[in-house]
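Colleague: With the sequence up front, the predicted model follows.
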Amino acid sequence: MAVKLGPNQYGKAEVRMVTVDRSGPVHHIKDLTVSTALRGDLEATHLTGDNSVVVATDTQKNTVYAFAKESPVGEIEDFALRLGRHFVGAFGHITGARVLIDEHGWDRIEVAGKPHDHAFSRSGDEKRTTAVTVDGDRAWVVSGLRDLVVLKSTGSEFHGFPRDKYTTLAETDDRILATAVSAHWRYLGVEDIDWRGAFGDVRQTLLEAFASLHSLSLQQTLYAMGEAVLERRPEVAEIRLSLPNKHHFLVDLTPFGLGNDNEVFFASDRPYGLIEGTVLRDDAEDAGLAWHTLPAF
Ligand SMILES: O=c1[nH]c(=O)c2[nH]c(=O)[nH]c2[nH]1
């Protein structure tokens, strides 16, 4: 039987790291989950167990921690680029790297109305993310966010869909629209980008578009959110959105002799509709390896 090794990569997944900037009395923390994966001339270890060019995943993990000590982590995109370029530059047989980072938010606790110097509370489930791919001397950055949960209590309709013998869904001209936004956007280039500023602006633009559009479907909302981001941020080539439709079903209160004018809902967690799509510039440069090994959405 003739078989051969296909595409492969390996690395350390989900390195948990918290850093404390203690340069002044007011501490600053960063809470990251970092995953590294390397590609290259790795046939030998797979075929014969010869590990002479295998940068151990343990070494990859240690490098994450050491880099955080050697210079400030800074923005996750910059930290991921530093790590990816290091692995590709330092080891001849390693030709490519992918570094994924999730940043978990912390808010400063307020005590007697004043922000505390060194006490924090977790901001919630939302994550800021980046996925950096390095190939030789080229690099791509896809940044994003996950689990940004939003809801509007009106301004959403859904009707006009085909009906067959399996259709029971009632048409509605007023419903709750809720979702947990996952958005990943590809930057044009990797130099001279204000990563933090762009992130904050994309996030705010997504929220404003969700709130402002009178929605006739979550699909329409998805497109409007993506379009708004591309109109606002010239350095973004493309954005991929994944929007679970967090259904809220009107509770039937007639057994209790009560009406229900869109006031009392059952918040269902599954199954859920899953609306996914990409919005991109007509003339965007080729994505190269930006999405290589990333899930489609
Ligand atoms: O915005 C929606 N899009 C759908 O495709 C869909 N399907 C469904 O049952 N409800 C909804 N809502």
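Modeller: Nice, I can see it. As the structure is a prediction and not an experimental result, all values here were calculated from the model.
Colleague: Give me the three-state assignment for Ile229.
Modeller: One thing to correct before we go on: residue 229 is Val, not Ile. State at Val229, reduced to three classes by DSSP: H, G, I helix; E, B strand; the rest coil: helix.
Colleague: For it, give me its contacts.
Modeller: For Val229, the residues meeting the contact criterion (CB atoms under 8 Å, 6 or more residues apart in numbering) are Ala183, Trp185, Val202, Thr205, Leu206, Ala209, Val236, Ile239, Val279. Backbone N, C-alpha and C define where each C-beta goes, glycine included.
Colleague: got it, and Glu103?
Modeller: Here Glu103 is in contact with Lys30, Asp31, Leu32, Ile76, Lys127, Arg128, Thr129 (criterion: CB under 8 Å, 6+ apart).
Colleague: quick one on the thing from earlier: of all the contacts of Val229, which comes closest to the ligand?
Modeller: Using CB to the nearest ligand atom, the shortest approach to the ligand within the contacts of Val229 belongs to Ala209, at 15.1 Å.
Colleague: Now intersect the contacts of Glu103 with the strands, please.
Modeller: Secondary-structure check on the contacts of Glu103 using DSSP state E: residues within strands are Lys30, Asp31, Leu32, Lys127, Arg128, Thr129.
Colleague: all helices for this protein, in order.
Modeller: Along the chain, the segments classed as helices by DSSP state H run 43-47, 57-70, 76-90, 195-212, 218-232.
Colleague: Can you lay out these as TSV showing distance to Ser153 and mean pLDDT?
Modeller: Shown next, in TSV, are the helices of the chain (distance: least, CB to CB, whole Å; pLDDT from 0 to 100):
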stretch	distance to Ser153	mean pLDDT
helix 43-47	55	98
helix 57-70	43	98
helix 76-90	34	98
helix 195-212	11	98
helix 218-232	15	98
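Colleague: With distance to Gly96 as added columns, please give the ones you listed in CSV.
Modeller: Output for those, formatted as CSV (distance: least, CB to CB, whole Å):
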stretch, distance to Gly96
helix 43-47, 15
helix 57-70, 14
helix 76-90, 6
helix 195-212, 22
helix 218-232, 28
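Colleague: among these, which is nearest Ala170?
Modeller: Put simply, out of the helices of the chain the one that sits nearest Ala170 is helix 218-232, at 16.7 Å, with distance taken as CB to CB.
Colleague: So, low pLDDT: which residues of the stretch 151-297 of the chain?
Modeller: Low-confidence segments of the stretch 151-297 of the chain, defined by pLDDT under 70: 296-297.
Colleague: Enumerate the beta-bridge partners assigned to the residue in the stretch 51-200 of the chain that the ligand sits nearest to.
Modeller: When CB to the nearest ligand atom is the measure, the stretch 51-200 of the chain has its nearest residue to the ligand at Phe158, with 4.4 Å between them. Residues in a beta bridge with Phe158, per DSSP bridges, are Thr172.
Colleague: quick one on the thing from earlier: tell me, which of the contacts of Val229 make contact with the ligand?
Modeller: When contact is defined as CB under 6 Å from any ligand atom, the contacts of Val229 do not meet the ligand at all.
Colleague: isn't His214 right up against Gly155?
Modeller: Yes: counting by CB atoms under 8 Å, His214 does reach Gly155; the two are 5.1 Å apart.
Colleague: Between those two, point out the one with more neighbours.
Modeller: It is Gly155, of His214 and Gly155, that has more neighbours when counted by other CB atoms under 10 Å, with 15 against 11.
Colleague: For the most far-flung residue of the chain relative to its centre, list the residues it contacts.
Modeller: Using CA atoms, centre = their mean, the residue of the chain lying farthest from its centre is Gly257. It sits 45.9 Å away. With contacts defined as CB under 8 Å, 6+ apart, Gly257 is in contact with no residue.
Colleague: Where does pLDDT dip in the stretch 1-150 of the chain?
Modeller: Using pLDDT under 70, the stretch 1-150 of the chain has no residue that qualifies.
Colleague: Spell out the residue ranges of the strands in it.
Modeller: Along the stretch 1-150 of the chain, the segments classed as strands by DSSP state E, counting those that start in this stretch run 15-21, 28-40, 94-111, 114-135, 138-152.
Colleague: Indicate which one of those strands is closest to Ala2.
Modeller: Relative to Ala2, the nearest member of those by CB to CB is strand 28-40, separated by 23.4 Å.
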